[in-house]
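Engineer: 3D, please:
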Amino acid sequence: MTTSSSVPGAQTVTRAVRALKLIAQHAPGGMRLTDLAAGLELEPPTAHRLLQALMREGMLVRDGSSRRYTLGPLVFELGLASAHQFNLRDICQPVLDMLAERTGDTSFLFVRSGNDAVCLSRIQGTYPIQTPAVPVGSRQPLGVSAGGLALLSCLSEAEVTRTLESIAPRLSIYGELDTEELRKHCIRAQQQGYAFIANKAVPGVSAVGLPIRSATGAAIAAITVAATQTRMTDKRVREILPLLHDAAAEIAGLLRQ
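Structural biologist: Numbers count the residues shown, from 1 in each chain. Reported below is the predicted structural model:
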């Protein structure tokens with residue numbers, strides 16, 4: 001291990017990228033300093049300085065209780081900025097079409113942009129009563145929609161707290177939603193393995209969603225199915241979930257290719 005007091009120039013960049021890759025491989029749980037230092041072959045003080053620099057730039061966050069480092073919001077912002085190069089919408093479109101056809105309801109694709117979930121694609125199904133249209137390109141605070149809730153539930157506890165604090169002033173227009181209720185939705189999504197929320201993003205509409213994960217396990221998007229509250233019963237959710245899991249797995253496989 002190196003004992004240098006600083007990591008100079010290009011070597012710093014290389015080690016920073018290696019640190020991000022290591023942490024991505026351990027998403028969503030993250031890594032402790034000692035494990036990162038060992039993986040980077042650095043002394044803990046040197047690794048700590050490197051990680052602190054990445055935190056200042058928004059590339060990493062650290063959970064105060066577990067002391068684990070996880071990917072920060074800037075990583076998602078950069079991923080979104082480069083999404084056009086990978087034609088994420090085009091890659092997902094056939095799967096969304098199939099999901100809408102099989103469920104009869106509206107399927108959506110969401111990506112994260114800072115503290116918001118952005119609707120990247122929407123495909124309406126064949127059921128006679130469809131949900132009010134959420135425009136492609138529209139954005140709402142993370143957690144308000146099923147897609148945003150699926151993405152929020154993949155974050156570390158520390159980042160969930162920071163996100164909720166940031167979006168708190170914007171929540172009151174969503175059915176008097178507040179951070180306490182949204183945190184409960186987030187915990188429930190983590191426990192159940194899927195996101196469900198009703199009458200928040202659009203009045204009278206319920207939706208169920210799942211994250212789409214990269215090969216490293218990072219949540220890079222979310223796929224959802226929405227229907228009217230009267231149609232989206234508990235039984236209906238149980239019917240949709242296997243189809244939603246298949247769709248999320250298929251998209252994840254396509255992205256790895």
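
Engineer: And the contacts of stretch 196-203?
Structural biologist: For stretch 196-203, contacts defined as C-beta atoms under 8 Å, 6 or more residues apart in numbering pick out 131-132, 134, 140, 143-146, 148-149, 174-175, 177, 185, 188-189, 205-209, 226, 229, 232, 237. Where C-beta positions appear, they are placed from N, C-alpha and C, glycine not excepted.

Engineer: okay, and for the stretch 51-200 of the chain, where does confidence drop off?
Structural biologist: 76-77, 79-86, 132-133 (pLDDT under 70).

Engineer: Could I get the full set of helices for it?
Structural biologist: Ranges of helices in the stretch 51-200 of the chain, per DSSP state H, counting those that start in this stretch, are 73-81, 88-103, 146-152, 157-167, 179-192.

Engineer: list the contacts for the nearest residue to Ser121 once chain neighbours are set aside?
Structural biologist: In this structure, Ser121 finds its nearest non-sequential neighbour in Leu109, 4.1 Å apart by C-beta to C-beta, 6 or more residues apart in numbering. By C-beta under 8 Å, 6+ apart, Leu109 lies in contact with Leu88, Arg89, Cys92, Leu96, Cys119, Leu120, Ser121, Arg122, Gly147, Ala221, Ala222, Ile223.

Engineer: coming back round to it: looking at the helices of the stretch 51-200 of the chain, which is closest to Leu255?
Structural biologist: Of all the helices of the stretch 51-200 of the chain, helix 88-103 sits nearest to Leu255, with 6.6 Å by C-beta to C-beta.

Engineer: Show me the contact partners of that closest one.
Structural biologist: Here helix 88-103 makes contact (C-beta under 8 Å, 6+ apart) with 106-109, 111, 120-121, 123-126, 221, 223, 225, 240, 243-244, 247, 250-251, 254-255.

Engineer: thinking Ala189 is in contact with Leu151, fair?
Structural biologist: No. If you go by C-beta atoms under 8 Å, Ala189 and Leu151 don't touch, sitting 10.0 Å apart.

Engineer: more neighbours, the two?
Structural biologist: Of the pair Ala189 and Leu151, Leu151 is the one with more neighbours under other C-beta atoms under 10 Å, namely 28 against 25.

Engineer: That one touches Leu210, doesn't it?
Structural biologist: No. Leu151 lies out of contact with Leu210 (C-beta under 8 Å); the separation is 10.2 Å.

Engineer: Relative to Tyr194, how far out is the residue nearest to Ser121?
Structural biologist: Per C-beta to C-beta, to the nearest Å, Leu109 is found 16 Å from Tyr194.

Engineer: Then Leu74?
Structural biologist: Between Leu74 and Tyr194 the computed distance is 27 Å (C-beta to C-beta).

Engineer: Looking at the two, which is more packed in?
Structural biologist: Higher neighbour count among Leu74 and Tyr194: Tyr194, with 23 against 15, using other C-beta under 10 Å.
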